[in-house]
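**Q** make a model of this:
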Amino acid sequence: MIVTVTLNPALDHFIFLESFERGVIQRFSQDVFAPGGKGVNVSLLLSSLGVENRALGLAGGFTGQELCRLLEEAGCQTDFVQLPQGNTRVNVKLRCADGEETAFNGAGPAIPEQAVEELLERLSRLREGDALVLSGVLPAALPETAFPRVLEAARQRKARLVVDMEGDPLLAALPYRPFLIKPNEEELAQIFGIAGSLNVQEVKEYARELQRMGARNVVVSLGAKGALLLEENGQALFCRSVRGEAVSTVGAGDSLVAGFLYGYELHGSALGGLKWGVAAGAATAFCEGIATGDQVKAVFPRVGEPHPV
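**A** Just a heads-up that it's a prediction; the model follows:
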């Protein structure tokens with residue numbers, strides 16, 4: 001079983017306009033509500049690929065109820081802790097005909113200690129070998145001790161820990177020997193205080209440093225270039241992405257994680273996961289929202305074969 005945890009989910013409200021002008025009443029004829037959050041995105045694509053998974057997290061109020069309803073409508077199993085006060089945040093995205101987007105991201109609700117205890121109780125049901133995916137930004141309202149306790153729960157249950165976070169939370173996870181971490185190139189450079197872009201050899205060396213710090217497998221997403229995998233055995237592989245017109249890169253990294261887990265389940269190896277991860281990331285970049293399983297499978301044959309670097 002794959003379990004995703006989104007501690008700071010959102011209900012995304014996309015509003016489509018011809019143009020945006022401040023200070024006047026504007027009318028729109030098209031809008032869409034969609035589940036939001038990095039772990040949520042992983043669950044959406046895994047479900048579309050036919051992989052059994054469960055989406056966990058913290059949700060509140062009527063917006064949290066709608067978030068769960070939309071996920072279940074998309075075929076996801078959900079088991080969110082319902083917060084006693086406040087609403088799951090709403091992110092409003094104003095998208096104009098020229099492609100320009102203005103986003104208003106809301107703040108999340110208060111998170112009491114009792115909600116953390118309920119989440120940990122759900123995590124106590126993990127079984128050895130299950131994958132626990134921790135993605136996204138930690139909410140400001142999360143009690144300070146909550147994240148280390150989530151990491152410890154994964155270790156105690158002998159679950160395969162997958163971490164797609166940046167900065168301090170990612171570094172905090174490394175002593176727990178995560179099965180997989182997935183920084184992107186920019187996040188990798190920030191960790192080591194590097195300004196500017198990195199070449200493939202530099203990416204490999206910094207990924208190896210993260211491996212020395214505790215990560216078992218490291219995938220670094222490199223945008224349109226593809227991704228680099230540093231396997232637990234020390235082998236580094238680069239997989240070239242697919243050429244195409246990017247519509248939006250939002251969710252592409254989350255899709256890479258989902259594709260990697262799908263490929264790993266399919267082939268039983270990190271190498272098997274790499275190509276599917278790159279295909280999933282590209283498929284999402286080429287469409288609005290998160291790609292479907294069929295879109296990922298259509299892109300997969302066009303992805304380059306992984307090769308040592």
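**Q** residue contacts, the residue nearest to V137 when sequence neighbours are not counted?
**A** Nearest non-adjacent residue to V137, counting by C-beta to C-beta, 6 or more residues apart in numbering: N8, 5.6 Å away. C-beta here means a position set from N, CA and C on the backbone, and glycine is covered the same way. If you count contacts by C-beta atoms under 8 Å, 6 or more residues apart in numbering, N8 has them with G37, L58, R89, G108, G136, V137, L138, P139.
**Q** the second one against A110, yeah?
**A** No. Taking contact to mean C-beta atoms under 8 Å, the distance of 10.3 Å between L58 and A110 leaves them out of contact.
**Q** which one's more surrounded, those two?
**A** The neighbour count for L58 versus A110, taken as other C-beta atoms under 10 Å, is higher for L58 (26 against 12).
**Q** wait, a helix at the more buried one?
**A** No. Read with DSSP: H, G, I helix; E, B strand; the rest coil, L58 is strand and lies in no helix.
**Q** what's opposite it in the beta bridge?
**A** Beta-bridge pairing of L58, defined through DSSP bridges, involves V81.
**Q** how much space between it and G193?
**A** Taking C-beta to C-beta, to the nearest Å as the measure, L58 and G193 are separated by 32 Å.
**Q** swap in N184?
**A** Where G193 is concerned, N184 sits at a distance of 16 Å (C-beta to C-beta).
**Q** higher neighbour count, those two?
**A** In terms of neighbours (other C-beta under 10 Å), N184 is the more surrounded of N184 and G193; the figures are 20 against 6.
**Q** what pairs with the more buried one across the strands?
**A** Counting by DSSP bridges, N184 forms beta bridges with S221.
**Q** residues contacting it?
**A** By C-beta under 8 Å, 6+ apart, the neighbours of N184 are V220, S221, L222, G223, G253.
**Q** and the gap between the third one and N105?
**A** As defined by C-beta to C-beta, L222 lies at a distance of 26 Å from N105.
**Q** more neighbours: which of these two?
**A** Shown here are L222 and N105; by other C-beta under 10 Å, L222 has more neighbours (22 against 13).
**Q** ok, for the more buried one, nearest residue in space, not its chain neighbours?
**A** Using C-beta to C-beta, 6+ apart and skipping residues adjacent in sequence, the residue nearest L222 is E185, 5.3 Å away.
**Q** which residues are in contact with that neighbour?
**A** By C-beta under 8 Å, 6+ apart, the contact set of E185 is S197, L198, V203, V220, S221, L222, G223.
**Q** by mean pLDDT, which helix or strand of this protein comes out lowest?
**A** One helix or strand of the chain scores below all others by mean pLDDT, DSSP states H and E: strand 101-105, with a mean of 91.
**Q** work out for me the element L261 sits within.
**A** Under the criterion of DSSP states H and E, L261 resides in helix 252-267.
**Q** avg pLDDT for the helix or strand just after that helix?
**A** Remark: after helix 252-267, the chain's next helix or strand is helix 270-285, criterion DSSP H and E. On average, the pLDDT along helix 270-285 is 96.
**Q** the least confident helix or strand of the chain pairs with which strands?
**A** strand 89-96 (antiparallel).
**Q** pull out the buried residues from the partner strand.
**A** For strand 89-96, the neighbour count (16 or more other C-beta atoms under 10 Å) marks R89, V90, N91, K93, L94, R95 as buried.
**Q** ditto for stretch 142-158
**A** For stretch 142-158, by 16+ other C-beta under 10 Å, it's L142, A146, F147, V150, L151, A153, A154, R157.
**Q** for stretch 110-124, same thing?
**A** Using 16+ other C-beta under 10 Å as the test for burial, stretch 110-124 gives I111, A115, V116, E118, L119, R122, L123.
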